[in-house]
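Participant: below: sequence and its predicted model.
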Amino acid sequence: MSQAQNQEPQTELGRFETHYANWYEESVRDPNRFWGRHGKRIHWFEPYSIVNNASFEGNVSIRWFEDGTTNVSYNCLDRHLQENGDRTAIIWEGDDPSESRKISYRALHEEVCRFANALRDRGVKKGDTVTIYMPMIPEAAVAMLACARVGAVHSVVFGGFSPEALAGRMVDCDSSVLVTASESLRGGRRIPLKQSADKAIQIAVHQGLTVSTVFVVGERDHVPSFVEGRDVLYREAVETASPECAAEHMNAEDPFFILYTSGSTGKPKGVLHTTGGYLVYASMTHEVVFDYRPNEVYWCTADVGWVTGHSYLVYGPLANAATTLMFEGVPTYPNAGRMWEIVEKHRVNLLYTAPTALRTLMGAGDDYVTRSDRSSLRVLGTVGEPINPEVWEWYSRVVGDNRCPVVDTWWQTETGGHMIAPIAGVTPLKPGSATLPFFGVVPVIVDQEGNVLTGVAEGNLCIAQSWPGQMRTLYNDHARFIQTYFSTYQGKYFTGDGCRRDADGYYWITGRVDDVLNVSGHRMGTAEVESALVSHPSVAEAAVVGYPHDIKGQGIYCYVTLMGGVSFDDELQKSLIAHVRSEIGPIATPDHIQFAPGLPKTRSGKIMRRILRKIAENDLSSLGDTSTLADPTVVDDLVANRLASK
Ligand code: WTA
């Protein structure tokens, strides 16, 4: 052993600092060796002998640690009991500032075991799917971990989605068990979650789904229309269940969870992650990118309904025995200082949030920030959309008092964990850039024809080789998986994002290059909003595009043509907006609806979205050639009545 190895720094970060360049080089040249070593960061019941077995060609098959067995819940709980049983696993901060709770690893373990037994009592077994439709309360994490414990595949559906959206997701993955709550509390408002769940079940049953069990968090008196036999009070189930529950031994490649996300076409896709590689990747990125250190309080503001809530609120932190803070409410309630009050109250060391929240809070004024004590903060993170350099600077200067590195992390539901991100405290930062790839990640920038561009370049972002956290397939639709991600550029994973690489090799994500919108960091397919609009009886045709929005990043701009005899007025606009909200959820609320007597189409009938996008962005200088349109005159009307002309 060389002297340098003898004097290995004690922390993971120290080791990376010394070896970053070498480690990155090894990680991409010899992934078997690199991940063979780092795969051991989690506990395996049966160790793996095969590390990486993946191909992006042909039928696309991705396998990591494929002969090992493990269990996520065991890794997030049991493994920590001996040394860290009394450490706080979850700090829960309620919507109401006077409410908070701390749950130790020991207590969380017991609750998860009990609920896992309750699931088993209701017939849930390895491989079954369970849908979780919950507010931001600890029981959401308990439900996820309990599924992991018994080997059930969870599908968490964001609590803000409509009954229609929930029903579609339950039917797609044939989920006969639902975990929900009587209500959710956000910004002082009560949202009747169980009522939405009941409505969703009605729709799903109509489509042929059998729903056998609905676990409900909440008091019996508060649960509307309790269905005997089907509905089970969470609290009663947990109290009567045994606290002993052996964790199922799962193969590394057994399905772990499904998470529905929007694509450029059709209905949401069920992204499927498997067990071993996902956990190795989520936990390693959580520790390394944030430089998480034992006993620190870590707060990720994402909802459990999104992938960030999976990898960096629940699984990554808990696998690392971290203290993870879960916040039920919104950053502006009771006032715009709430986040900083929480930082002070719980002495938060690491904060991970989204640019859209920062833009809102920046607009509220610095006083809200500076009146709270933020001296505990050490690392600041962002995710979800490109962060404007001004917002980045504000985050660093005002929130972090110029002391805390800002880690801008680029990744996706599909990637399982961070892909391009700095290592806090190690990587030199540039405001607005996600900086450099994580270990094992090989980004390539390609042009429209698929040529790989080297050096300084701008184009479409692909990833050239597999990494452990990668999605394995789309649930029940491997053909669509290959079609969506591996057919645009043969042999490469296509991210759907545009990207620029500068002279220092730093990456700058420029946003989606497909028909996916990013509204307040939420992914939304234009096709989904369009199909919601055309399901309204007054709408004949709809085209939806994004346009720049100060707070949301992108706003939703809709063009609609109407059925004969229907006129466009305020009332119809309101009704269309309400309709989209009820079909998808409030996050899909259209920002602007424009009446279009006709849509710009090619002679073959294809809507020219490029033109619609330019009109919405008020960028009329680059409308391009409109002479090839079936009816070029429609453009004049759309231009004359565009939002910016109002
Ligand atoms: C965008 C969220 C720029 C990107 C983890 C990606 C980002 C999509 C960043 C995935 C970032 C995410 N900078 N853009 N740091 N992080 N994005 O699946 O367009 O909800 O493709 O995963 O968000 O969104 P998703």
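Facilitator: Received the coordinates, thanks. Please read these numbers as outputs of a predicted model, since none were measured by experiment.
Participant: my read: Pro405 touches Ala421, true?
Facilitator: No: assessed by Cβ atoms under 8 Å, Pro405 is found out of contact with Ala421, at 11.2 Å. C-beta: built from backbone N, CA, C; applies to glycine.
Participant: who has more neighbours out of those two?
Facilitator: Higher neighbour count among Pro405 and Ala421: Ala421, with 27 against 20, using other Cβ atoms under 10 Å.
Participant: which residues touch the residue lying closest to the more buried one once chain neighbours are set aside?
Facilitator: Distances taken as Cβ to Cβ, 6 or more residues apart in numbering put Thr409 closest to Ala421, at 3.9 Å, once the chain neighbours are dropped. Contacts for Thr409 were tallied using Cβ atoms under 8 Å, 6 or more residues apart in numbering; they are 289, 381-383, 418, 420-421, 434.
Participant: repeat that with 7 Å
Facilitator: 289, 381-383, 418, 421, 434 (Cβ atoms under 7 Å, 6 or more residues apart in numbering).
Participant: residues in a beta bridge with it, which ones?
Facilitator: Val383 (DSSP bridges).
Participant: which element is Gly36 on?
Facilitator: helix 31-38 (DSSP states H and E).
Participant: what packs against the helix or strand just after that helix?
Facilitator: Next helix or strand after helix 31-38 toward the C-terminus (DSSP H and E): strand 52-55. Other elements packing on strand 52-55 under the criterion 3 or more Cβ pairs under 7 Å, 6 or more residues apart in numbering; DSSP states H and E are helix 31-38, strand 61-64.
Participant: relative to Ser100, which of these is closest?
Facilitator: Ser100 lies closest to helix 31-38 among the helices and strands packed on strand 52-55, at 34.9 Å (Cβ to Cβ).
Participant: name all residues that make contact with whichever residue of the stretch 251-400 of the chain sits closest to the ligand.
Facilitator: Closest residue of the stretch 251-400 of the chain to the ligand, Cβ to the nearest ligand atom: Pro386 (4.0 Å). Residues in contact with Pro386, defined by Cβ under 7 Å, 6+ apart, are 509-511.
Participant: tell me which of those is nearest to Val539?
Facilitator: For the contacts of Pro386, the nearest to Val539 is Gly511 (27.8 Å; Cβ to Cβ).
Participant: element containing that closest one?
Facilitator: strand 507-512.
Participant: name the next helix or strand downstream of that strand, please.
Facilitator: Following strand 507-512 in sequence, per DSSP H and E, is strand 516-519.
Participant: could I get the contacts of Thr409 as JSON lines with secondary structure and pLDDT?
Facilitator: JSON lines is the format used below for the contacts of Thr409 (DSSP: H, G, I helix; E, B strand; the rest coil; pLDDT from 0 to 100):
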{"residue": "Val289", "secondary structure": "helix", "pLDDT": "97"}
{"residue": "Gly381", "secondary structure": "strand", "pLDDT": "98"}
{"residue": "Thr382", "secondary structure": "strand", "pLDDT": "98"}
{"residue": "Val383", "secondary structure": "strand", "pLDDT": "97"}
{"residue": "His418", "secondary structure": "coil", "pLDDT": "98"}
{"residue": "Ala421", "secondary structure": "coil", "pLDDT": "98"}
{"residue": "Ala434", "secondary structure": "coil", "pLDDT": "97"}
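Participant: for those residues, which one is nearest Thr213?
Facilitator: Val383 (34.0 Å).
Participant: test my guess that that closest one contacts Pro355.
Facilitator: No: applying Cβ atoms under 7 Å, one finds Val383 not in contact with Pro355, separated by 8.4 Å.
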